[in-house]
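Peer 1: Sequence first, predicted coordinates after that:
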Amino acid sequence: YISYLDSVEYFRPRVARTAVYHEILMAYLAWARKRGFTTAHLWACPPQRGNNFIFWCHPQHQRTPSKDRLLQWYKAMLKKS
C-alpha cells in the first residue's frame, strides 16, 4: 500500500520532476515484485489545499492536482512500468 506521495516544486530541473518520481515508484514496485508481492495499492486522492502530507509546507503558488490529473499521473507511471 502506497499512500501520501508528496512533492514540492523546488525540484530542479523542473522538467525532470515527473520522470524522477515515476522512476522512484517503478523501482520500488520492481523491488516489491522481486520480494514476491503481486499486488500494490496506491492512494490516489489529492490533498485539500493547505494539507501537507510529508513536506511541512508548499509554496503558495504550487497547484494541487485534481483527482483526475492525479489518476492520470499514476496511470502514466504504471504504463511505463
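Peer 2: It's in. Predicted, not measured: the structure shown is a model, and the values here were computed from it.
Peer 1: list the buried ones in the longest helix along the chain?
Peer 2: Counting residues, the longest helix in the chain under DSSP state H turns out to be helix 17-34. By neighbour count with 16 or more other CB atoms under 10 Å, helix 17-34 contains the buried residues H22, L25, L29. In short, each C-beta sits where N, CA and C put it, glycine included.
Peer 1: Same check on stretch 2-19?
Peer 2: L5, S7.
Peer 1: quick check: mean pLDDT across that stretch?
Peer 2: For stretch 2-19, the mean pLDDT works out to 79.
Peer 1: quick one: it to chain centroid distance?
Peer 2: 7 Å (CA atoms, centre = their mean, to the nearest Å).
Peer 1: which residues touch K79?
Peer 2: Residues in contact with K79 (CB atoms under 8 Å, 6 or more residues apart in numbering): none are found.
Peer 1: secondary structure element for it?
Peer 2: With secondary structure defined by DSSP states H and E, K79 is part of helix 67-80.
Peer 1: Taking helix 17-34 as reference, get the angle to that helix.
Peer 2: Here the directions of helix 67-80 and helix 17-34 differ by 60 degrees (axes from the mean of the first three to the mean of the last three CA atoms, to 10 degrees).
Peer 1: Flag every buried residue along helix 67-80.
Peer 2: Buried residues in helix 67-80, defined by neighbour count with 16+ other CB under 10 Å: L70, W73, Y74, M77.
Peer 1: you'd agree the last one is up against M26?
Peer 2: Yes. Distance between M77 and M26: 6.6 Å, which falls inside the contact criterion (CB atoms under 8 Å).
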